[in-house]
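Peer 1: With the sequence up front, the predicted model follows.
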Amino acid sequence: MSPDAGTGAELYTVIGQAPRQLDRNIAVVGRIIEGMEHLSSLPRGMGALGFYEKAEERTPIRAVRLASDLPAGERPDFQFLATDSDSFLRYADSRANRRDPFFLVPAGGADICNIPVPTRRKP
């Protein structure tokens, strides 16, 4: 469908391998950095790509909490590799141009879905 076909009322969450050439096909609005096991444990539908064929097959998500809505003392604290750093440039290059013996020709680039920003809970 065209890039502006959605209403914004639905989200597509990749629960498997992220690199699926989604760039320029799906608008990225965020990344789940903790709690993905809750989404990936939901039952999949029997339709194409695991979609539910009937509305009654769906498992409703009854509540979602954003960290920004929690009291400051309860918010999880994460660290991320700054995307404007030399370290990130080296990391992105290593993701775009694998140097394993199998890869004889470097790709020369990568879609954003292939370069997830390293993130961890603050120790």
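Peer 2: Happy to help now that I have it.
Peer 1: In contact with the residue nearest to the spatial centre of the chain: list those residues for me.
Peer 2: In the chain, the centroid-proximal residue (Cα atoms, centre = their mean) is Arg31; its distance is 4.3 Å. By Cβ atoms under 8 Å, 6 or more residues apart in numbering, the contact list for Arg31 reads 116-117. For glycine as for every other residue, the C-beta is placed from the backbone atoms N, C-alpha and C.
Peer 1: Could you report the distance from it to Asp100?
Peer 2: According to Cβ to Cβ, to the nearest Å, Arg31 stands 25 Å off from Asp100.
Peer 1: which other residues reach the longest helix anywhere in the chain?
Peer 2: Using DSSP state H, we find that the single longest helix of the chain is helix 86-96. The contact list for helix 86-96, computed with Cβ under 8 Å, 6+ apart, reads 81-82, 106-110, 114-115, 117-118.
Peer 1: Alpha carbons of stretch 53-60, in CSV - could you do that?
Peer 2: What follows is stretch 53-60, C-alpha atoms only, in CSV (Å, rounded to 0.1, in the frame of the first residue of the first chain):
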residue,chain,number,x,y,z
GLU,A,53,-8.4,-14.0,9.8
LYS,A,54,-11.3,-13.2,12.1
ALA,A,55,-11.6,-10.4,14.7
GLU,A,56,-12.5,-12.9,17.5
GLU,A,57,-9.0,-14.5,17.1
ARG,A,58,-7.3,-11.3,18.2
THR,A,59,-5.8,-10.9,21.6
PRO,A,60,-6.6,-7.4,22.9
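Peer 1: So Gln79 belongs to a strand, correct?
Peer 2: Yes - the assignment for Gln79, made by DSSP: H, G, I helix; E, B strand; the rest coil, places it in a strand.
Peer 1: ok, it touching Lys122?
Peer 2: Yes - applying Cβ atoms under 8 Å as the test, Gln79 and Lys122 come out as touching, 5.1 Å apart.
Peer 1: Settle it for me: which of these two has more neighbours?
Peer 2: Gln79 (11 against 7; other Cβ atoms under 10 Å).
Peer 1: Send me the longest helix of the chain as PDB with only the CA atoms.
Peer 2: Only the C-alpha atoms of helix 86-96 are listed here, as PDB (Å, rounded to 0.1, in the frame of the first residue of the first chain):
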ATOM      1  CA  ASP A  86      32.800   7.900  16.100                       C
ATOM      2  CA  SER A  87      32.000   4.700  17.800                       C
ATOM      3  CA  PHE A  88      28.500   4.600  16.200                       C
ATOM      4  CA  LEU A  89      30.000   5.300  12.800                       C
ATOM      5  CA  ARG A  90      32.400   2.400  13.200                       C
ATOM      6  CA  TYR A  91      29.500   0.200  14.400                       C
ATOM      7  CA  ALA A  92      27.200   1.200  11.500                       C
ATOM      8  CA  ASP A  93      30.000   0.500   9.000                       C
ATOM      9  CA  SER A  94      30.500  -2.900  10.500                       C
ATOM     10  CA  ARG A  95      26.800  -3.700  10.200                       C
ATOM     11  CA  ALA A  96      26.700  -2.400   6.600                       C
END
